[in-house]
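Novice: I would like the atomic coordinates for the input below:
(one chain, ligands or ions: 1)
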Amino acid sequence: MEYKELIEKESKYLMQTYRRKPVYLVSGKGSYVYDDAGNKYLDLVAGIAVNTLGYAHPKLTAAVETAVKTLHHTSNLFYTRPQVELAQKLVENSPFDRVFFANSGAEAVEGAIKLARKYWWQKGEEKYEIISAVNSFHGRTMGALSATGQEKYQKPFRPLVPGFVYVPYNDLNALEKALTSKTAAVILEPVQGESGVNPADPAYLQKVAELCREKNILLIFDEVQTGVGRTGKLFAFEHFGVVPDIITLAKGLAGGVPIGAVLAKEEVAKAFEPGDHASTFGGNPLACTAALAVLEEVLAPGFLEEVLDKGKLFYSLLVDAPGIKEVRGYGLMLGIELNFPGAGRVSDILLAKGVLINNIGEWILRIVPPLIITREEIREASEKILLAVKEAGTDGAL
Ligand code: PMP
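Specialist: Numbers count the residues shown, from 1 in each chain. All right, here's what the predicted structure looks like:
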């Protein structure tokens, strides 16, 4: 289908929920994607932190092919091997004991919220309030949306799920004041992704964990964006010296095959009993086989160290450059804050230069490439980013 016809049909047949860039992607290889005209783009978006192994990775491709040819889906009424093996792999490589599988980040968050509420309910305690952070993002389903501390996403969809309270991020006093006898859990992103790659202050997270332990409150980290090696550790909480009670995963876990996961310690996980929570697709053999292939690569010796190192290289090539106020983040999850409001323009210029990058508002560019990106590709991307920032800065001054 031609580009013109595609966009006509898109506007006719699809609910108009997305603002898309004018590019029609048809294939990918490694860290690059290709449009309908054969143009090549270095992909710093990666499905928004999803395509861990990039595109057409031989191991992921082979795993998915095998799953499709054997048993791609069956009901959770029956036992399947990939789901058990994936749960085992996640448990063996984390401080958690049990896993529930869903299909997306929002669904993982829903599962985590339900697990926290069930935990207190079965203890006979009236604790249901969930505290989350202002400017957090946890997803678009009603529970996850209610946890998301941003009015702009919530307003037209009220009434929200009751029992959610929002406090400023990185502010221990505010959190302490918000706690009540009904507080069930605190949910935080260790690095806020959607609101502009804002890492938590390590001392803050450590104190929040202490406070939660002291006051008998569950701590949930939403690692939908930060999990599975994105930050140079398997889980971002490892950077902060804090172990939460529950985490959520999704995006990068199966490298682009839809999946979500809730991981919890035994004491909490056992609150879920048969019939409490379920998913038709969650944990299906296709998604779990893909995730096993991704984890095999991410957990291979040296892979995560490479992510950290490549992140440092990216950082060093961009920090202190003209037009750039700050570069922040961990591993290959970086935010570039500009010192002029031209991030949209920079993103457009980069598209013309063959680089895909996501701008968050007009001040921030988010870098979340495939974790297999090479140093050479990072140099190419950085050079083009610096040129685009310069160009956009000059435009703005005219
Ligand atoms: N939590 C976080 C931290 C996220 O970044 C996102 C997606 N941007 C979600 C939840 C929701 O994930 P999904 O779009 O897969 O529902």
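Novice: surely Ile246 and Ala264 touch.
Specialist: Yes. Judged on Cβ atoms under 8 Å, Ile246 makes contact with Ala264 at a distance of 4.5 Å. In short, each C-beta sits where N, CA and C put it, glycine included.
Novice: which residues are common contacts for the two?
Specialist: Ala112, Leu115 (Cβ atoms under 8 Å, 6 or more residues apart in numbering).
Novice: just give me the neighbour total for Arg98.
Specialist: 17 (other Cβ atoms under 10 Å).
Novice: how about it, nearest residue that isn't a chain neighbour?
Specialist: Ala269 (3.7 Å; Cβ to Cβ, 6 or more residues apart in numbering).
Novice: residues touching that neighbour, list them.
Specialist: Counting by Cβ under 8 Å, 6+ apart, Ala269 has contacts Phe96, Asp97, Arg98, Leu115.
Novice: give me the phi and psi for it.
Specialist: Note on Ala269: its backbone torsions stand at phi -60, psi -30 [degrees, to the nearest 10].
Novice: cool, the one 3 residues further on as well?
Specialist: When read as degrees, to the nearest 10, the backbone of Phe272 gives phi -80, psi 120.
Novice: thought it was touching Ala112?
Specialist: No. At 11.0 Å, Phe272 does not count as touching Ala112 under the criterion of Cβ under 8 Å.
Novice: ok, these two, which is more surrounded?
Specialist: Remark: of Phe272 and Ala112, Ala112 carries more neighbours, 34 against 20, as counted by other Cβ under 10 Å.
Novice: helix or strand: which one has the more buried one?
Specialist: Using DSSP states H and E, Ala112 falls within helix 105-122.
Novice: just confirm yes or no for that helix near the ligand.
Specialist: Yes. Applying Cβ under 6 Å from any ligand atom, one finds helix 105-122 touching the ligand at Gly105, Ala106, Val109.
Novice: let me see the ranges of the strands in the stretch 1-150 of the chain.
Specialist: Secondary structure of the stretch 1-150 of the chain, counting by DSSP state E, counting those that start in this stretch: strands at 25-29, 32-35, 40-43, 98-102, 129-133.
Novice: okay, now Lys233: neighbour count?
Specialist: 20.
Novice: gap between it and Tyr330?
Specialist: 8 Å (Cβ to Cβ, to the nearest Å).
Novice: overlap in contacts, those two.
Specialist: His239, Leu308.
Novice: quick one: the helices in the stretch 251-398 of the chain?
Specialist: For the stretch 251-398 of the chain, the helices defined by DSSP state H, counting those that start in this stretch cover 266-269, 285-298, 303-318, 343-352, 375-397.
Novice: over to the stretch 1-150 of the chain?
Specialist: 3-13, 46-49, 58-70, 81-92, 105-122, 142-147.
Novice: reformat those helices as JSON lines; add mean pLDDT and distance to Ser316.
Specialist: Rendered in JSON lines, the data for the helices of the stretch 1-150 of the chain read as follows (pLDDT from 0 to 100; distance: least, Cβ to Cβ, whole Å):
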{"stretch": "helix 3-13", "mean pLDDT": "97", "distance to Ser316": "38"}
{"stretch": "helix 46-49", "mean pLDDT": "98", "distance to Ser316": "21"}
{"stretch": "helix 58-70", "mean pLDDT": "98", "distance to Ser316": "30"}
{"stretch": "helix 81-92", "mean pLDDT": "98", "distance to Ser316": "33"}
{"stretch": "helix 105-122", "mean pLDDT": "98", "distance to Ser316": "30"}
{"stretch": "helix 142-147", "mean pLDDT": "98", "distance to Ser316": "35"}
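Novice: picking that back up, and the strands of the stretch 1-150 of the chain: which comes nearest Phe281?
Specialist: strand 98-102 (8.3 Å; Cβ to Cβ).
Novice: ok, the closest one: who's next to it in the sheet?
Specialist: strand 260-264 (antiparallel) (DSSP bridges).
Novice: what about Glu214, neighbour count?
Specialist: Residues contacting Glu214 under the criterion other Cβ under 10 Å number 8.
Novice: tell me the pLDDT at it?
Specialist: Model confidence at Glu214, given as pLDDT, is 98.
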